[in-house]
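Visitor: Based on what follows, work out the 3D shape:
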Amino acid sequence: MPASFVYGQVALEFQVEGDRKAKAIVRYRYYAQENRVEYISIDYTDPKLREKVEGDPAMREKINEYVRRMLSKRNEGLS
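Guide: Okay, the predicted model is just below:
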């Protein structure tokens with residue numbers, strides 16, 4: 001049986017350099033049975049945000065945990 005997954009997209013807003021806001025737009029495949037997220041692409045509205053996220057493994061992990069929790073909560077009650 002093939003793995004079932006959901007395609008999706010989420011925009012995460014961050015604050016960069018003072019009051020300026022920037023977004024990371026994350027496109028993913030979510031495998032609910034495994035609570036696993038496979039990232040298809042991440043686009044950034046600001047190069048400073050890209051630099052921060054891609055240069056900081058802890059920040060990437062926090063984003064990953066946030067997306068996984070959000071999708072897991074969304075999936076509760078659907079099965």
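Visitor: Show me the shaky parts of the chain.
Guide: Along the chain, segments meeting pLDDT under 70 span 1-3, 77-79.
Visitor: Show me the strands in it, by range?
Guide: If you assign secondary structure with DSSP state E, the strands in the chain sit at 6-16, 20-31, 36-44.
Visitor: who does the second one pair up with?
Guide: Meaning strand 20-31. Based on DSSP bridges, the pairing partners of strand 20-31 within the sheet are strand 6-16 (antiparallel), strand 36-44 (antiparallel).
Visitor: rewinding a little: quick one, which of the strands of the chain gets closest to residue 68.
Guide: Distances from residue 68 to each of the strands of the chain were compared using CB to CB; the minimum, 5.5 Å, belongs to strand 36-44. For glycine as for every other residue, the C-beta is placed from the backbone atoms N, C-alpha and C.
Visitor: next one: the closest one to chain centre, how far?
Guide: Here strand 36-44 is found 6 Å from its chain centre; the criterion is CA atoms, centre = their mean, to the nearest Å.
Visitor: thinking again about what came up before, make JSON lines out of the strands of the chain and add distance to residue 61 and mean neighbour count.
Guide: Converted to JSON lines, these look like this (distance: least, CB to CB, whole Å; neighbours: other CB atoms under 10 Å):
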{"stretch": "strand 6-16", "distance to residue 61": "14", "mean neighbour count": "13"}
{"stretch": "strand 20-31", "distance to residue 61": "14", "mean neighbour count": "16"}
{"stretch": "strand 36-44", "distance to residue 61": "12", "mean neighbour count": "14"}
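Visitor: returning to that earlier point: so can I have TSV of the strands paired with strand 20-31 showing distance to residue 57?
Guide: Supplementary listing: the strands paired with strand 20-31 in TSV, determined by distance: least, CB to CB, whole Å:
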stretch	distance to residue 57
strand 6-16	17
strand 36-44	15
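Visitor: Tell me which of these sits nearest to residue 62.
Guide: strand 6-16 (10.3 Å).
Visitor: Kindly reformat the strands of the chain as JSON lines and extend each row with distance to residue 73.
Guide: Written out in JSON lines, the entries for those read as follows (distance: least, CB to CB, whole Å):
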{"stretch": "strand 6-16", "distance to residue 73": "13"}
{"stretch": "strand 20-31", "distance to residue 73": "12"}
{"stretch": "strand 36-44", "distance to residue 73": "13"}
